[in-house]
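> Turn this into a model:
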Amino acid sequence: MSAAETERPIYPPVRPRLSVEELLAAKNTQPITGLEDSEADTFESDEELEEFLASTYAERRRDIA
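I've put the predicted structure just below:
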């Protein structure tokens, strides 16, 4: 057997160990400073959110029955 045949890839692959600070810096992540930082404009209105939630709950109940 050749050397190439006896060498197997390492699984899982070895990854460099990075600190939390290094990982955050690599993704250009900023710390959360308040609740408004986590807000998302997914729904245009409270009514649209309520319709989505009602539909979601109805589907869950339908699947249980």
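
> What part of the protein, helix or strand, is modelled with the least confidence?
Ranked by mean pLDDT, DSSP states H and E, the weakest helix or strand in the chain is helix 3-6, scoring a mean of 60.

> and Arg60, what pLDDT?
Looking at Arg60, its pLDDT stands at 90.

> secondary structure element for it?
helix 46-64 (DSSP states H and E).

> Next: Glu21.
Judged by DSSP H and E, Glu21 forms part of helix 20-26.

> Listing request: residues of this protein with sub-threshold pLDDT.
1-6, 65 (pLDDT under 70).

> quick one on the thing from earlier: buried residues in the helix holding Glu21?
Residues of helix 20-26 classed as buried by neighbour count (16 or more other C-beta atoms under 10 Å): none. Just so you know, the C-beta spots here come from the backbone N, C-alpha and C atoms, and that holds for glycine as well.

> which secondary structure elements does it contact?
Judged by 3 or more C-beta pairs under 8 Å, 6 or more residues apart in numbering; DSSP states H and E, helix 20-26 is in contact with no other helix or strand.

> What lies in contact with that helix?
Leu18 (C-beta atoms under 8 Å, 6 or more residues apart in numbering).

> Could the C-alpha coordinates of that helix be exported in CSV?
Only the C-alpha atoms of helix 20-26 are listed here, as CSV (Å, rounded to 0.1, in the frame of the first residue of the first chain):
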residue,chain,number,x,y,z
VAL,A,20,-15.6,34.1,21.6
GLU,A,21,-14.1,37.5,20.9
GLU,A,22,-12.3,36.2,17.8
LEU,A,23,-15.4,34.5,16.5
LEU,A,24,-17.5,37.7,17.0
ALA,A,25,-14.8,39.8,15.3
ALA,A,26,-14.7,37.4,12.3
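
> what's the helix holding Arg60 in contact with?
Contacts with helix 46-64, where a contact means C-beta under 8 Å, 6+ apart, come from 42-43.
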